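*Asks:* mind looking at a prediction? Sequence and model below.
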Amino acid sequence: MSRTLTRSRFMGIAAGAGLLVAGHGAAQTGVRMHQRKIRSSGEMLPVVGVGTWRTFDVGAKPEDRAPLAEVLRLLFAAGGSVIDTSPMYGSAEAVIGDLLAAADARARAFIATKVWTTGRDRGVAQMRNSMRLLKTDRIDLMQIHNLVDWRAHLPTLRAWQAEGRIRYLGITHYTQSAHDELESVMRAEKWDFVQINYALDDRAVERRLLPLAAERGIAVIVNQPFGGGGLLRKLMGRKLPDWAGEIGATSWAQLLLKFVLANPAVTCVIPGTGKPEHMADNLQAGFGVYPDAALRKKMIDEIQV
């Protein structure tokens, strides 16, 4: 039967997902989140992570940080690891560093942050400060954000990668107008990761960038899988289609995330949230099956926004 689901009425997992939910808690029952290969290394990465723009930009009050600590606990309990942040996200890096240290959970996290400034020396200073705030001497993924002065930063990233200060390097962009430039940079240099926007209502990257990433062996992190939040908000008042059950989706959030993850070029999605109930809901997209080509077409045709 079709049901109207809201993010605040997260109802648990689809059958067979492998997690038991009590309150916001998640307990493992032997099944872990799907993982996909980082093509440059062969390392496996869990398919659902968390973005921290706005949501982790909080102060030091325990009541502000407690939900964020729970978000991270849920992520790790489900077998996830990817936490994406940036020095441009206010206090997010410092908050993540403090929460990981308090939970002794740094080893469980795949930390992705960014450099977004001009000039080699400014880039070095910014990245060193990120490490200080994140309380780590090694960043899992350092990304040149929006391609800003990427030629100046790339030699530093390659040197730091050789020294073990960063494990992977990547590039990001969030506007369709930059796709030509992003494609050119993806072809010009060897990258481990690219981070791009992709959602059911924002599929421009399907034309060139996702196929190119697959061709070049570049792992893909997807941000704004809910269309920047606008798509999800528009769908919340509608009934979930009966065919959502075919892929074990019990909420609109899961449906939209599974649409993105159905593309084999996608390595990981990072929906942003600071709410434990939303994190618990999002994580279910990391389990079960994904729509095939016919169901993806149906989703595009029927979910009119």
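*Replies:* Great, that's in hand.
*Asks:* tell me where this protein has strands.
*Replies:* With strands called from DSSP state E, the chain shows them at 19-22, 25-28, 35-37, 44-46, 50-51, 82-84, 110-115, 139-144, 166-172, 193-197, 219-223, 268-269.
*Asks:* residues in contact with the last one?
*Replies:* Counting contacts by Cβ atoms under 8 Å, 6 or more residues apart in numbering, the residues outside strand 268-269 that touch it are 36, 45-49, 82, 219-222, 225, 257, 260-261, 285. Any C-beta I mention is one placed from the backbone N, CA and C, and that applies to glycine too.
*Asks:* looking at these, which is nearest residue 142?
*Replies:* Relative to residue 142, the closest of these is residue 221; by Cβ to Cβ it sits at 12.8 Å.
*Asks:* mind listing what's buried in stretch 231-241?
*Replies:* Residues 231-232, 234-235, 240-241 are the ones in stretch 231-241 that count as buried (16 or more other Cβ atoms under 10 Å).
*Asks:* and stretch 48-61, by the same measure?
*Replies:* Result for stretch 48-61 [16+ other Cβ under 10 Å]: buried residues 48-53, 55-58.
*Asks:* what's the first-to-last distance across stretch 85-105?
*Replies:* 16 Å (Cα to Cα, to the nearest Å).
*Asks:* what's the average pLDDT for it?
*Replies:* Average pLDDT, stretch 85-105: 98.
*Asks:* neighbouring contacts of it?
*Replies:* So stretch 85-105 is contacted by 51-59, 65, 68-69, 72-73, 76, 83, 106, 109, 111-116, 126, 129-130, 133-136, 145 (Cβ under 8 Å, 6+ apart).
*Asks:* compute the number of surrounding residues for the residue lying closest to residue 296 once chain neighbours are set aside.
*Replies:* Nearest residue to residue 296, sequence neighbours excluded (Cβ to Cβ, 6 or more residues apart in numbering): residue 262, at 5.7 Å. Residue 262 has 17 neighbours, counted by other Cβ atoms under 10 Å.
*Asks:* thinking again about what came up before, can you lay out the buried residues of stretch 231-241 as JSON lines showing pLDDT and distance to residue 92?
*Replies:* Output for the buried residues of stretch 231-241, formatted as JSON lines (pLDDT from 0 to 100; distance: Cβ to Cβ, whole Å):
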{"residue": "231", "pLDDT": "90", "distance to residue 92": "24"}
{"residue": "232", "pLDDT": "91", "distance to residue 92": "21"}
{"residue": "234", "pLDDT": "90", "distance to residue 92": "27"}
{"residue": "235", "pLDDT": "93", "distance to residue 92": "27"}
{"residue": "240", "pLDDT": "95", "distance to residue 92": "32"}
{"residue": "241", "pLDDT": "95", "distance to residue 92": "35"}
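*Asks:* let me know the closest of the residues you listed to residue 250.
*Replies:* Here the nearest of the buried residues of stretch 231-241 to residue 250, counting by Cβ to Cβ, is residue 240; it sits at 7.5 Å.
*Asks:* ok, the closest one to residue 252 distance?
*Replies:* Distance, residue 240 to residue 252, by Cβ to Cβ, to the nearest Å: 6 Å.
*Asks:* where in the protein is pLDDT low?
*Replies:* 1-30, 229, 304-305 (pLDDT under 70).
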